[in-house]
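Visitor: dropping the sequence and predicted coords here.
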Amino acid sequence: MAFSDILKHTFEAYGKNFKLISFFSVPFAIVFFLSLMLENFVAFSGIFLRYGSIQADLSSFDAVILVALFLVSLSVFSFAVVGVNLAIKSQRTLKRLSHYENEKIEYATIRMFTIFLTSFVIILLTNLFLYDYHLTATLGLLIATIISIGILFVPQALVIDDLGIRNAIYMSVSVLFRRFSYVLMFLVIAALLISLNTKIFLELSQSFPIARYFAVLINAILILPFLEVLKTQIYLSKYTVLR
């Protein structure tokens with residue numbers, strides 16, 4: 001299957017399931033508002049934690065609130081990712097969502113949450129270690145990139161193939177190598193969309209400072225779900241029967 005076919009399926013699936021995808025994208029907006037309550041900064045249409053502030057500026061009470069908000073945000077985000085993938089699975093396999101599949105959302109969300117949380121903790125501890133010992137942050141960025149790309153197709157493996165955590169990670173890495181050219185195209189498209197979104201609202205923020213937060217909202221509600229649909233189509237390309 002050519003990548004042009006992947007894009008065709010992506011736009012078709014996104015259009016046909018726009019209402020359902022929009023419904024599952026609402027939690028992305030909720031995460032956005034929750035994240036504003038954390039120690040963070042906005043950059044490149046995303047919200048990032050300030051590692052330095054975690055140790056220097058937080059009281060014990062603040063730390064508890066931060067952790068609670070983060071866990072709620074991550075759980076809601078996990079649910080949204082699972083929901084979008086379930087919607088596309090239903091459309092591509094020509095099966096309506098059954099009560100049984102709706103029940104599986106809970107289990108897939110828990111597994112997704114576990115993987116996201118574990119990945120975040122590894123990245124966080126690595127960066128805190130590098131920060132404490134005044135080592136280059138480039139190593140932390142490299143580790144974060146490897147982990148993030150390694151679990152890129154975990155949501156698809158969890159939802160579409162109903163795999164466990166270990167097998168989902170293995171399948172994600174397998175798809176990376178088997179569909180390497182598609183993954184590169186995905187990364188290029190993701191970078192272009194996010195860069196364009198950032199550039200537009202960065203220009204607007206010179207007159208309206210609050211515009212940078214709208215960039216995050218557009219990224220969360222429109223761009224991120226579209227990219228998730230694109231990932232799902234890349235993942236499904238391994239099934240010749242669906243071509």
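Guide: It's in.
Visitor: and the strands in the protein, which stretches?
Guide: Secondary structure of the chain (DSSP state E): strands at 40-43, 46-49.
Visitor: can you flag the weakest of those strands by average pLDDT?
Guide: Lowest mean pLDDT within the strands of the chain: strand 40-43, a mean of 46.
Visitor: got a list of what E228 touches?
Guide: Applying C-beta atoms under 8 Å, 6 or more residues apart in numbering, we find E228 in contact with 81, 84-85, 155. Every residue, glycine included, has its C-beta placed from N, CA and C.
Visitor: for K231, that is, sorry about that
Guide: 152-153, 155-156, 186.
Visitor: let's see it at 7 Å
Guide: For K231, the contact set (C-beta atoms under 7 Å, 6 or more residues apart in numbering) comprises 152-153, 156, 186.
Visitor: was I right about N197 contacting V216?
Guide: No. At 9.1 Å, N197 does not count as touching V216 under the criterion of C-beta atoms under 7 Å.
Visitor: between the two, which one's more packed in?
Guide: Neighbour count, other C-beta atoms under 10 Å: between N197 and V216, V216 has more, with 24 against 19.
Visitor: check the gap between that one and L222 for me.
Guide: According to C-beta to C-beta, to the nearest Å, V216 stands 11 Å off from L222.
Visitor: how about Y107?
Guide: Taking C-beta to C-beta, one finds Y107 at 28 Å from L222.
Visitor: looking at those two, which is more packed in?
Guide: Comparing Y107 with L222 by other C-beta under 10 Å, the one with more neighbours is L222, at 17 against 12.
Visitor: grab the nearest non-local neighbour of the more buried one.
Guide: S25 (7.9 Å; C-beta to C-beta, 6 or more residues apart in numbering).
Visitor: got the contact list for that neighbour?
Guide: 80, 221, 225.
Visitor: show me the shaky parts of the protein.
Guide: 27-59, 62-63, 92-103, 240-243 (pLDDT under 70).
Visitor: please enumerate the helices of it.
Guide: Under the criterion DSSP state H, the chain contains helices at 3-16, 18-35, 51-56, 60-92, 99-132, 137-150, 154-160, 165-178, 180-205, 211-218, 224-236.
Visitor: go through the contacts of S25 and name the one nearest R179.
Guide: For those, the residue nearest R179 by C-beta to C-beta is P225; the value is 20.5 Å.
Visitor: what's the distance between that closest one and K104?
Guide: Distance, P225 to K104, using C-beta to C-beta: 20 Å.
Visitor: ok, I146 next?
Guide: Distance of I146 to K104, given as C-beta to C-beta: 30 Å.
Visitor: neighbour count winner among those two?
Guide: K104 (16 against 11).
Visitor: please pick the buried ones from the contacts of S25.
Guide: Burial by neighbour count, 16 or more other C-beta atoms under 10 Å: within those this picks out 80, 221, 225.
Visitor: nearest to F129 among these?
Guide: Scanning those for proximity to F129, where the rule is C-beta to C-beta, the winner is A80, at 30.8 Å.
Visitor: was I right to think that closest one contacts S22?
Guide: No. Using C-beta under 7 Å as the test, A80 is too far from S22 to be in contact (10.9 Å).
Visitor: thinking again about what came up before, now for the contacts of K231, which pair is the farthest apart?
Guide: Greatest spatial distance among those (C-beta to C-beta): Q156 and F186, at 12.0 Å.
Visitor: what about the nearest residue to G164 once chain neighbours are set aside, distance to S75?
Guide: Spatial nearest neighbour of G164, excluding adjacent residues (C-beta to C-beta, 6+ apart): R111 at 7.2 Å. Per C-beta to C-beta, R111 is found 12 Å from S75.
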